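*Asks:* here is my input, please return the structure:
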Amino acid sequence: MAPPASEKPTDHDLNCLSIRELEVLARDRMDKQTRDYYNEGADSNTTLQENMTAYNKYRIRPRVLRDISMIDPSVTVFGHRNTIPMGVAPAAMQCLAHPDGELATARACAAKGIIMGLSSFSTTTLEDVRQASGDIPNVLQLYLFEEKEHSRKMIQRAKKAGYKAVLLTVDTPMIGRRNLEIRNQFKLPSNLKIANFTQNDDDNEHAIQQDEDKDEDDEKKPAPRRRSSKPASQDGDKRTLPTGPITFHTHAANPTLSWEESIPWLKQEAAPMEVWVKGVATGEDAELAIKHKVDGIVVSNHGGRQLNGALATLDALPEVVAAVKKRIPVHVDGGIRHGTDVFKALALGADFCWIGRPVLWGLAYKGQQGVELCLRLLIDEFRLCMGLAGVTKVQDISREYLAKIDRDGFTSRL
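*Replies:* Sure thing, here's the model as predicted:
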């Protein structure tokens, strides 16, 4: 007898049956600079590690003798019925992992019915990613530059392309210290580009100085030189804005952002797209987000890449949820490595989760096929977790399904 449509047999990749195995496989397929760039956290990696280990503090309290024959793991997000309450987080420069980069990720998301976030610093244009995503919505992660015109242009392009929301990254007023990036002198290879800043002007990361003339001896000419960029600087009361081509390290950090000025400006420019803040980790800032009428919050610490010793996102989540009181959606990212992690985050009050590094590992492993594998593993794990915990609908996942382990190793109900 054929299984029900909701329980189709899975064609397993026998070399990769977990996200942990996917990480190992991807490691051998990335060059050192790429591997270090994707996998590193800030300073001693404390926050990065805490993001993952925070999930180990909780145990699931399964209920039994419940009819789980009809499990629905889907949720509605940005007007789309998503396969599970998890999307692909924006991650920069995906062509480092695979030549197809963000296009492969977008196609995999479309195949699995999973929403995708796109980084401002993608190696594929936001228009091309939107096209590759088909009927699956996209959201744009945004850095609000000191020279707002750069951001304004990107916002208008995203609006025209049909993006549903902008996620304003608010945890990078300064760039965290990433030691391997410093040691490796990380630079984007010359064959790649930061695609969203190369249109309509020459002020982009790969603006170059070269002669327009071509001749048969072109291959003998030295490689073109990139123009240099400089970050902003402060001299007393005088502030000098970033100069040169837009790069992450010179332009992304913006210490001048504020609730009072930045959010109203962004809401006006982005409408009718939703405006979310990504990088909230306290109840106080959650209250301010609501006060300034943002549409949603992503509890995030930038994948542990900013402040060493900061709260793990899962540990910050309950405080933010308590402050928000269901007035706006609360999403969370960071440290998710298994479908049970998604379940735990939802039980602590998250409405939705975002996953980052595992998608990059899938991309490095097998391009679009590898990203689809990553998503399938998490979809299967989450659905299985729901069934074995005795839950058939996502909205029924609550704190009653969790116990927490204290420092002495004892568990107690939440």
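*Asks:* every contact and neighbour count from this point should use C-alpha atoms.
*Replies:* OK.
*Asks:* residue 294: neighbouring residues, count only.
*Replies:* Other residues within reach of residue 294, judged by other C-alpha atoms under 10 Å, total 19.
*Asks:* again, but for residue 255
*Replies:* Around residue 255 there are 14 residues (other C-alpha under 10 Å).
*Asks:* verify the stated contact: it with residue 175.
*Replies:* No. Using C-alpha atoms under 8 Å, residue 255 makes no contact with residue 175, being 10.0 Å away.
*Asks:* distance from stretch 387-396 to the middle of the chain?
*Replies:* Chain-centre distance of stretch 387-396: 26 Å, with C-alpha atoms, centre = their mean, to the nearest Å.
*Asks:* ok, residue 106 - contacts?
*Replies:* Contacts for residue 106 (C-alpha atoms under 8 Å, 6 or more residues apart in numbering) come out as 116, 129, 130, 132, 133.
*Asks:* so of those, which ones are in strands?
*Replies:* Among the contacts of residue 106, the ones falling in strands (DSSP state E) are residue 116.
*Asks:* as a markdown table, the contacts of residue 106 with neighbour count would be great.
*Replies:* Shown next, in a markdown table, are the contacts of residue 106 (neighbours: other C-alpha atoms under 10 Å):
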| residue | neighbour count |
| --- | --- |
| 116 | 28 |
| 129 | 23 |
| 130 | 23 |
| 132 | 19 |
| 133 | 24 |
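*Asks:* just the contacts of residue 106: which are in helices?
*Replies:* 129, 130, 132, 133 (DSSP state H).
*Asks:* where does this protein dip in pLDDT?
*Replies:* Low-confidence segments of the chain, defined by pLDDT under 70, span residues 1-10, 199-227.
*Asks:* longest single helix anywhere in it?
*Replies:* Longest helix of the chain, by residue count under DSSP H: helix 357-389.
*Asks:* just checking, next helix/strand downstream of that helix?
*Replies:* strand 402-405 (DSSP states H and E).
*Asks:* give me the buried positions along that next one.
*Replies:* Of all the residues in strand 402-405, those buried under the rule 16 or more other C-alpha atoms under 10 Å are 402, 403, 404.
*Asks:* distance check, the last one against residue 350.
*Replies:* Think residue 404. Distance, residue 404 to residue 350, using C-alpha to C-alpha, to the nearest Å: 17 Å.
*Asks:* so who does residue 44 touch?
*Replies:* Counting by C-alpha under 8 Å, 6+ apart, residue 44 makes contact with residue 308.
*Asks:* please state the backbone phi and psi of it?
*Replies:* Dihedral pair for residue 44: phi -90, psi 10, per degrees, to the nearest 10.
*Asks:* distance of it from residue 174?
*Replies:* Distance of residue 44 to residue 174, given as C-alpha to C-alpha: 18 Å.
*Asks:* and for residue 145?
*Replies:* With C-alpha to C-alpha as the criterion, residue 145 and residue 174 are 12 Å apart.
*Asks:* now swap in residue 53 and tell me
*Replies:* Counting by C-alpha to C-alpha, the gap from residue 53 to residue 174 is 26 Å.
*Asks:* ok, residue 122 next?
*Replies:* Residue 122 sits 20 Å away from residue 174, going by C-alpha to C-alpha.
*Asks:* likewise for residue 64?
*Replies:* 49 Å.
*Asks:* now swap in residue 115 and tell me
*Replies:* 29 Å.
*Asks:* which of those two has more neighbours?
*Replies:* More neighbours surround residue 115 than the other of residue 115 and residue 174, with 27 against 13 (other C-alpha under 10 Å).
*Asks:* okay, helices next: where are they in the chain?
*Replies:* Using DSSP H, helices in the chain cover 19-27, 32-39, 46-53, 101-112, 126-133, 148-161, 179-184, 259-270, 283-291, 313-324, 339-347, 357-389.
*Asks:* residues of the third one that come out buried?
*Replies:* Of the residues in helix 46-53, those scored as buried under the neighbour-count criterion (16+ other C-alpha under 10 Å) are 46, 47, 48, 49, 50, 51, 52.
*Asks:* which residue comes closest to residue 178 once chain neighbours are left out?
*Replies:* Nearest non-adjacent residue to residue 178, counting by C-alpha to C-alpha, 6 or more residues apart in numbering: residue 42, 4.9 Å away.
*Asks:* that neighbour: what's it in contact with?
*Replies:* Residue 42 sits next to 48, 176, 177, 178, 179, 304, 305, 306, 307, 308 when contact means C-alpha under 8 Å, 6+ apart.
*Asks:* mind doing that once more with 10 Å?
*Replies:* The neighbours of residue 42, taking C-alpha atoms under 10 Å, 6 or more residues apart in numbering as the test, are 48, 175-180, 302-309.
*Asks:* quick check: phi and psi at it.
*Replies:* The phi/psi pair for residue 42 (degrees, to the nearest 10) is phi -80, psi 140.
*Asks:* give me the distance from stretch 326-343 to the chain's centre.
*Replies:* 12 Å.
*Asks:* can you tell me the closest non-neighbouring residue to residue 314?
*Replies:* Leaving aside its sequence neighbours, residue 314 sits nearest to residue 54 (C-alpha to C-alpha, 6+ apart; 6.3 Å).
*Asks:* check contacts around that neighbour.
*Replies:* Taking C-alpha under 10 Å, 6+ apart as the contact definition, residue 54 lies against 311, 312, 313, 314, 315, 335, 336, 341.
*Asks:* residue 240 too?
*Replies:* Counting by C-alpha under 10 Å, 6+ apart, residue 240 touches 230, 231, 232, 233, 234.
*Asks:* by neighbour count, which of the residues you listed wins?
*Replies:* residue 231 (18 neighbours).
*Asks:* for that residue, give me its contacts.
*Replies:* Contact partners of residue 231, counting by C-alpha under 10 Å, 6+ apart, are 240-244, 246-254.
*Asks:* quick one on the thing from earlier: closest one of the ones in helices among the contacts of residue 106 to residue 269?
*Replies:* Here the nearest of these to residue 269, counting by C-alpha to C-alpha, is residue 130; it sits at 19.8 Å.
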